[in-house]
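**Student:** This is the structure alone, sequence omitted:
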């Protein structure tokens, strides 16, 4: 299937997509800050440069976009154009995610993955519920957890 926009327009659209400070990430950071949690961002010395690092709790929070990380949910759909490129790109992202999470776990860090579908769409969870789950995970020193859409 041919792309519905020109290559130049597609390039312009793709260049506007950020890897840091995304809306889902900003929302989680805002919830954490309002609840009194302090954190560091994108710590380069940690594997995968986690989105949010809470050194006090030896914990990291990864805010994953469902498309870019290939999540099996209603927000993810394989592109119809450049199929081989996108399959390779997304599968590489998944491999890199797994590698970084393994290295973080081996270094003694706890990991919470928050999927974009938990924050938007039909299956979204309320901000209060998300913050409650994060707080429980941090305060109870629970093992690695995922928060995904309902």
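**Tutor:** Received it, and whenever you're ready, just let me know what you need. This structure is a prediction, so every number in the text was calculated from the model and none was measured.

**Student:** wait, residue 141 sits on residue 110?
**Tutor:** Yes - between residue 141 and residue 110 there is a contact at 7.2 Å, judged by C-beta atoms under 8 Å. For the C-beta atoms, the positions are set from N, CA and C on the backbone; glycine is no exception.

**Student:** between these two, who's got more neighbours?
**Tutor:** Set residue 141 next to residue 110 and count neighbours by other C-beta atoms under 10 Å: residue 110 wins out with 19 against 10.

**Student:** on that earlier part again, identify the contacts common to residue 141 and residue 110.
**Tutor:** Residues touching both residue 141 and residue 110 by C-beta atoms under 8 Å, 6 or more residues apart in numbering: residue 57.

**Student:** what residue ranges in the protein score low on pLDDT?
**Tutor:** 1-3, 5, 9-19, 150 (pLDDT under 70).

**Student:** center of it - which residue?
**Tutor:** residue 64 (1.6 Å; C-alpha atoms, centre = their mean).
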